[in-house]
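> this one's structure only:
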């Protein structure tokens, strides 16, 4: 399997944002700084993954304006 495999990209993207929201979002929010998360084109094109990301953001103390996806 290569990194161009959409399933592998989705798994990595999900891991990146899950770990961020579980481990760092509260600290980032308390400092009021912006954060950029690197997500793949395949992930950003996936309605399921984007919905999961939005749900995590909704349940997070991080204001949406501080999150940037690259």
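Noted; the coordinates are in hand. Note that the coordinates shown come from a computational prediction; the quantities given were computed from them, not determined experimentally. Numbering: from 1, shown residues only.
> which residues sit against whichever strand or helix holds residue 56?
When elements are assigned from DSSP states H and E, residue 56 belongs to helix 47-58. Applying Cβ atoms under 8 Å, 6 or more residues apart in numbering, the contact partners of helix 47-58 are 10, 13-14, 17-18, 21, 39, 43-44, 64, 67. No exception for glycine: its C-beta is placed from N, CA and C like everyone else's.
> one more time with 6 Å
Outside helix 47-58, the residues that touch it by Cβ atoms under 6 Å, 6 or more residues apart in numbering are 10, 13, 17, 21, 43, 64.
> which of those residues count as buried?
Neighbour-count burial within the contacts of helix 47-58 applies to 10, 13, 17, 21, 43; the criterion is 16 or more other Cβ atoms under 10 Å.
> to what extent is residue 30 buried, counted in neighbours?
10 (other Cβ atoms under 10 Å).
> check residue 9 too.
Here the number of neighbours of residue 9 (other Cβ under 10 Å) works out to 21.
> now stretch 39-56: average pLDDT?
In this model, stretch 39-56 carries a mean pLDDT of 92.
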